[in-house]
Structures are given as C-alpha cells and as structure tokens.
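In: Predicted model and sequence follow; I will ask about them next.
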There are 2 protein chains.
Amino acid sequence: MNEPKPTKTVDQGLGMSGLPSLSQRERIGQAFTELDTPCLVVSQLQLQSNIEALQAFVSAHGLKLRPHAKSHKCPELAKLQIAAGAVGICCQKVSEAEAFAASGIGEILIANEVVGAAKLTRLVQLHKRCESLKGQLIVCVDSLKAAEEMNQALEQAATSSDLPPLSIYLEINVGQNRCGMEAGEPAAKLAQRIAATMPRLRLIGLQAYHGTAQHLRSIQERKAVVNQVCEKVNQTLRAFDSLGMGRPEVISGGGSGSVGLDARTNVFTEVQAGSYVFMDVDYMRNEWDASVQPAFAKSLFVLTSVMSQPTSHRAVVDAGLKALSVDSGLPELQNAPGMVYAKANDEHGLIELKAAADGGLPEPEALLGQKLWLIPGHCDPTVNLHDELVVIDDDQVVDTWPILARGRLF
Amino acid sequence: MNEPKPTKTVDQGLGMSGLPSLSQRERIGQAFTELDTPCLVVSQLQLQSNIEALQAFVSAHGLKLRPHAKSHKCPELAKLQIAAGAVGICCQKVSEAEAFAASGIGEILIANEVVGAAKLTRLVQLHKRCESLKGQLIVCVDSLKAAEEMNQALEQAATSSDLPPLSIYLEINVGQNRCGMEAGEPAAKLAQRIAATMPRLRLIGLQAYHGTAQHLRSIQERKAVVNQVCEKVNQTLRAFDSLGMGRPEVISGGGSGSVGLDARTNVFTEVQAGSYVFMDVDYMRNEWDASVQPAFAKSLFVLTSVMSQPTSHRAVVDAGLKALSVDSGLPELQNAPGMVYAKANDEHGLIELKAAADGGLPEPEALLGQKLWLIPGHCDPTVNLHDELVVIDDDQVVDTWPILARGRLF
C-alpha cells in the first residue's frame, strides 16, 4: 500500500476542460500538513487493525464475515476486507453495488429491498456482471409483490441466456419495525410461495438485521435485543419446519455494536458489520467490553483548517455540514485540549477555545491555517460527502482511494 | 429549456469501464414516474418564478443581486439567475467557484475566507481564469495574516504576467460572532494596512452577512438583527472616515430570510440570497409577509419510492440520510395526506401511515413502488448529496442539470 498504484484519480471526470481536480493523489509521500482541507483521512494502521481484529473474532466463532460496504463505499477498502478473510460484501443500493462489481468484486449482498422497473433493470445487469466475475449477487425480499416483479424481470432478461436464478435472503421483521415480512408463519409462507411459483429466485437465507440495536448504549440493552432477534429467527425456522420446507442455509445480520453478542448466539451464520472499520463519536458512546468483542480504534477523521480566528475565544474551521454529517451529533476534536467543535454551519465549523490545563488562550490569528483532526459524529453519511479517502501512515500520505460508490443512491 | 441540450451527462466519469451512469438524461420527455429514485427534482415553473420575483424586488429597490450559488452548485441554474439580471454569483469555496468558472461564469464573489498554501495556489489560478472571462473574482478577508499571505501568493504569481490586483471585501463581524474582523476601528485599520502595504489586493467592499438572522422565525426578530448589522456597517464606515480613507463602494450581505428588510436599509448595495430559488421546510417555518418581501415557492423536492410496506401503518421509502440532510429537521411530504416522514436512517425513510380524512388505511404492499415528493428540511446540504438536478414541468422531465460543484469542498 506504500507504493503509489496507478489507480485513477477522482477528478469527478466531468469532462469539462479546465475544471481542476479534487484528488490529492499528487501529495502521496508528503506530510499530512500539505493536504488541502477539508478532506477525509483514514489511518492505515488503525484501519488494518480493525479489519484484522473483527475477522479473527468472527472466524474464531465459526461465522462468516460479510462487511457492509455502505460504510466506506470504497473498493480498495473492500479488497482489504476480502483479503483478510471476508466472504464478500454487503451494499444497500443496486447502483452502489455496481461500483464494487466494476472494481472486480462479485460476491455482493444487497441487504435491502429493490423495487421498481428502473432498479430491476439495473439489478438484472448487475446479476449478470457478478456471474461473469464468478461471484454471487444476493438481494433481500420482504413482500410477495416485490418478489413477483423481480422474478418477472429476471424471466424477461433470461430468455436469450442461461442466467442462473438470483439468490435471495428473505428479510424478516426482527423487531425494528422497518422493512421485513413478519417473522414466523407469514415469512415461511412467502418463502413457500417463492419456491413454488418463482423459478428465477432461489431463497438461500434469512436477513435478520436490527439497526437500532447497534447504537443502544449498554451491553445489556443490546443483549436483550439480540435475544429478541434470535427468537424471531427461530420462530421463522420452526414455521419452515411446520410447512415441511428445508431451512435456509444462511442467517445473516448483526453489526458493529452487537457483533460480540451475535457471534455467540448459535443462530447467525454470517455477520454484516460495517462501521467497525472506522468508528465514530456515536459508536464511541456505546459501552464496550473487551471480553464481549474486540475493541475497535478510531481510524477515520475529517482534516480541517482554521480559516478565521478573530478572538482568543473563537476559531472557525473549513469543515461544516457539507464535510460532516451531524445527524448523530457534532464531531469531536482529536488531541486538541481546550477546543470544542460547538456548531456546524454549511461551510463553517465554530470552535470554542478554552484555556487548556497547560497554558493560556491563543492570541487572535495565532491558529490561522492550523490543521485539526475531527472525529465524525456518524461515519457512514460523512463518508458519502467525500470523493476520496486519503490514507496516512505516521503523519505521511501513503495513498488515496476513490470513494467510488459515493452518491450512488439508486 | 424544453429541448434537450447537448450537456454532458454526469456519469461520475470515473473512467472505469462498466460503471453504469447515474444520469437520468435519457428520461427527458418522459413522465416523472419513470425516474429512478431517490433523485433531486426542481419544478421549472416555481424556480423561474422565484428567480424573477427576487430579481424584480431587488432591482426595484436599487440594489444589485448576487445570488449565492452554494445553495444550488449548478451552473445552468446560475445562468438563469444572471439572465434575469443578477450581477454575478457568490460561492463559499475556491473549488466550488472553479466549477462555475469552468462553465463560463467569471463574476464570482467567494463570500468566505481563503487560507493556506494549497487554496491560495488555486485562488490565483481562479483569479486568472475570471480575468480571462472578462469577469471579476472577489474574495473575503478578515485578518492581517490572511491578507498578507494572499498578497504574497499573488505577487509570486504575477511576476511574469500583468495580472491585475485581486478584489476583496473586508468581512466584518456583524454580530453573528463567526468570521469577520471586529467592526469599526479594527476593520478600518486593517483596510488602511492593506491599502498601504498590499498592492496585489484592492479593497472594494464590506462583507456584512448574518447567517443566523435568516432563520429567526418572526419578522420582528429578523428586523432587530438587520438593524444591528447596519449599525456595525455604519460604525465601520465612520471609522474609515476618521482615518481619512475613502468608503468602500460595495456593502454586501443579506439572505433569503432577511432580504425584504435588507433592501430597505439604505445600507446594502448588494444582496446575497441563495435559498430563495428552492426554499425548504426550515425556511417555510419563518413568518413571511408579502408586504415585506416576495413570497417564494417550494421548488425543490427529493423524489422517493416506497420500497417496503409491511403493514397498513408503515411504509419505508428509499430516501434516508444519504439523500436528505436532516440537520435542520426531517423532510415533509408534499400532497400526501395521512403520511408523515417520521425517521431517517442511512438509506431508509420511515413513513407513518394514518387514516386520511377521505379514506381508510392502505392494505399492506398496496403502496409498493409508489413515488412520493419530499420537501427537504434544509436545501443547501441536501443539494450537495446529489450529482444531478432533474427539471420537471407539469409532471414531465424537461431537462437534467449537473450539480457540477457538488462535493467541491476545498
């Protein structure tokens, strides 16, 4: 990773003459202080440590790890996860998955529902692409109507080819009350209907993901929800038995907040953690216990610069709402005693300056141009604001990775 | 605007073979129901009405309109504003301004501070570009140190050319306590220093923008702040007089929330409104009075689709935190009685279904695939999540415009 690879730069490639690039690839080999800001930075050491720690933990418990790529949207990073032992990746959107397939990754679960003619057309093409990569595309389904439309789209596309059936996970409502067919008999009956009438779909698993559980603060709260999730899964498996149907092979779910519990349930066969590669302020507010699951390190930062410091009590940085998502709270400053990120405007971040234990307040203008490290409040939507991830090792820029699936919303 | 123009499509142009485009340009001429979702849509009629209403109002009061392009980041839209009479545009970032200059717009105010070597290098190139377009680049300055560094960067670049001085507005702190030199004598002294020692800078105006004032709910509250802003400007102008310096020609500031008051102050010569082209839920919560300023129409929407509807009480749409910024509150549904957008996850929006006055609740799955119109909570950061603006007229797609400055954070 230390030698610059001939990766294409992200110049937004809009094909307009004279539009200067935003890529900082030319700064590889330089100190981070040379970077233009605001930019998204990952620490190579912490990132690799997180990837290896979760893989080792999940493997030791006999499960498969299928990391969620919605967190990073970055094929280079996905390839590190796969190299470490991941069986493939998750995506949330068809067009997001397209970016990974275009980068050679063919083992993809779209851990979400796919509805509508435009998306089904893309889905069929993506299925073909994954097959050509000797991989497997998997999609979630939670309703009869959506399954029928998907089966029909595949049938229309398959007339002139020998495209194999599309693998699906049946998503069940594990208590989050978002997507998902009701667990138990309703889910099993949908599975039965699919098996009987939709030859282009092949049900291989259950999607049993509980998003809100990840952010419950205490381990006890998370444990209670994980137990409920497992009960919903078991209820569904018993309903499969009652209908005389074979149980699906894969039980997929879990996330960065609950993975230590998920792995011990003897219910899940595959976990979908995503944020563990980066962490963020919100996740750091969770209770962590090293006896339950590996400790993950903060690896993701928005590097920002002071652009104005009119007084000793106030500085303004160049990272606001367009560089950081504040949906789960404001960012925090790393290694900046006496400084608090107090407010985010569109393009401004307000930093309150307080006397640090070891000194007084800075003179006005003294901090101008100084670079500061912000830990995002919520990693996933923050990553989605940036086109490039700058990789650093010991204060040096060692690589830049395109966030290729950034903004791929369809 | 009704005939498709040969604008380049936004395919993220990453140069990777096999990465399908996200542009919906091929859907021009079709009904909006054919659009893939989530996507950002503007109503041509409402947009044009907003552009003309503010221009007429500002012109009638003898001021210049320099709309803020940070709201739309879209050169096609800026060109409509200029065609209607705007003297140029504002941007917040150098790299954002580059996108407009690359599209042929050379009259640009960067209404923000520009600090650091990387940005100053870009700034000098942008200055040259705007000159070559027979336009004028203007930048804000609020500190001696930043002014000196800017002057130096220009001197180094000008040795081999006859580049004219860079025009600047001195930003003063009008009470928002964000950027800005203290009003009155400190500001006038900085101006004096610039005039005396920095030949590459030419101070032509004062930047007197108050962001928070725009979102104060009552007109009375906004009026009180506008009066304070004017007092800060007048205090500064008197300090210029005391030092025997000519007063700057331009007093620039104001926004969509306060423009009706700004235009009546006899202080401002130029207003910088941005959000008026689109409006959003937050701005709609302001008190508006047609006797004070024109009424602006909601023109901006995120079109979304129902991807799951497990029960009669709950639907899930495909627009969450990555399609909508929720920093100023959740989006609202347009023309959807009985439906409330209740929660945003990364890629999911939860819609609560309640019995509408004229009917009962929908059967489960009945809404699957249905398209819904969301009014964003906050337009600027929402626009920044999308690569393309789809223009509709009477339910038909009539154009697509690249959001060329999306993500240009430097």
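Out: The structure has been received and is ready for your questions.
In: Could you use CA atoms for every contact and neighbour count after this?
Out: OK.
In: in terms of contact, does residue A:370 touch residue A:305 like I think?
Out: Yes - contact between residue A:370 and residue A:305 holds when scored by CA atoms under 8 Å: they sit 5.4 Å apart.
In: Comparing those two, which shows the higher neighbour count?
Out: It is residue A:305, of residue A:370 and residue A:305, that has more neighbours when counted by other CA atoms under 10 Å in any protein chain shown, with 27 against 14.
In: Looks to me like that one is in a helix.
Out: No - using DSSP: H, G, I helix; E, B strand; the rest coil, the secondary structure at residue A:305 is strand, not a helix.
In: which bits of the stretch 251-400 of chain A sit near chain B?
Out: Residues of the stretch 251-400 of chain A lying near chain B by CA under 8 Å from any CA of the partner chain: A:306-310, A:314-316, A:321-323, A:325-327, A:346-347, A:350, A:365, A:368-369, A:380-381, A:384-387.
In: Could you find the closest non-adjacent residue to the residue most central in space within chain A?
Out: Centroid check for chain A by CA atoms, centre = their mean gives residue A:71 as the closest residue, at 1.9 Å. What sits nearest to residue A:71 in space, not counting adjacent residues and going by CA to CA, 6 or more residues apart in numbering or on different chains, is residue A:380, at 4.5 Å.
In: Next, the one you found: secondary structure please.
Out: Criterion first, three-state DSSP; result for residue A:380: helix.
In: follow-up on the earlier one: surely the residue nearest to the centre of chain A touches residue A:378?
Out: No - applying CA under 8 Å, one finds residue A:71 not in contact with residue A:378, separated by 9.8 Å.
In: Tell me the predicted confidence for the residue nearest to the centre of chain A.
Out: The per-residue pLDDT reported for residue A:71 equals 98.
In: A helix includes it, no?
Out: No - assessed with three-state DSSP, residue A:71 is coil; it does not lie in a helix.
In: ok, now which ones touch it?
Out: Residue A:71 is in contact with A:274, A:275, A:379, A:380, A:381, A:383, counting by CA atoms under 8 Å, 6 or more residues apart in numbering or on different chains.
In: just to revisit the earlier point, type out the PyMOL command that picks the buried ones from the residues of the stretch 251-400 of chain A next to chain B.
Out: In PyMOL syntax, the buried subset of those is picked out as below (16 or more other CA atoms under 10 Å in any protein chain shown):
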select buried, chain A and resi 306+307+308+309+310+314+315+316+321+322+323+325+326+327+346+347+350+365+368+369+380+381+384+385+386+387
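In: returning to that earlier point: what distance do you get for the residue nearest to residue A:71 to residue A:386?
Out: Applying CA to CA, to the nearest Å, the value for residue A:380 to residue A:386 is 11 Å.
In: same question, residue A:184
Out: For residue A:184, the distance to residue A:386 - CA to CA - is 42 Å.
In: go on, residue A:267?
Out: In this structure, residue A:267 and residue A:386 are 37 Å apart, going by CA to CA.
In: Residue A:269 too?
Out: 33 Å.
In: Next: residue A:30.
Out: Applying CA to CA, the value for residue A:30 to residue A:386 is 21 Å.
In: can you give me the helices for the stretch 101-250 of chain A?
Out: Assigned by DSSP state H, counting those that start in this stretch, the helices in the stretch 101-250 of chain A fall at A:117-132, A:144-158, A:185-197, A:219-242.
In: could you give the mean pLDDT of the longest one?
Out: This means helix A:219-242. In this model, helix A:219-242 carries a mean pLDDT of 97.
In: Count the residues that sit near residue A:246.
Out: Neighbour number of residue A:246 under other CA under 10 Å is 10.
In: Could you pull up the contacting residues of the nearest residue to residue A:202 once chain neighbours are set aside?
Out: Nearest residue to residue A:202 in three dimensions, chain neighbours excluded: residue A:167, at 4.7 Å (CA to CA, 6+ apart). For residue A:167, the contact set (CA under 8 Å, 6+ apart) comprises A:136, A:137, A:138, A:139, A:201, A:202, A:203, A:204.
In: residue contacts, the residue nearest to residue A:71?
Out: Contacts of residue A:380 (CA under 8 Å, 6+ apart): A:70, A:71, A:72, A:275, B:346.
In: Thought residue A:383 was touching the third one, still the case?
Out: Read it as residue A:72. Yes - using CA under 8 Å, residue A:72 makes contact with residue A:383 at a distance of 6.4 Å.
In: Check the contact lists of these two and give me the overlap.
Out: residue A:403.
In: Settle it for me: which of those two has more neighbours?
Out: Shown here are residue A:72 and residue A:383; by other CA under 10 Å, residue A:383 has more neighbours (29 against 25).
In: Against residue B:19, how distant is that one?
Out: Counting by CA to CA, the gap from residue A:383 to residue B:19 is 20 Å.
In: Likewise for residue A:397?
Out: Per CA to CA, residue A:397 is found 28 Å from residue B:19.
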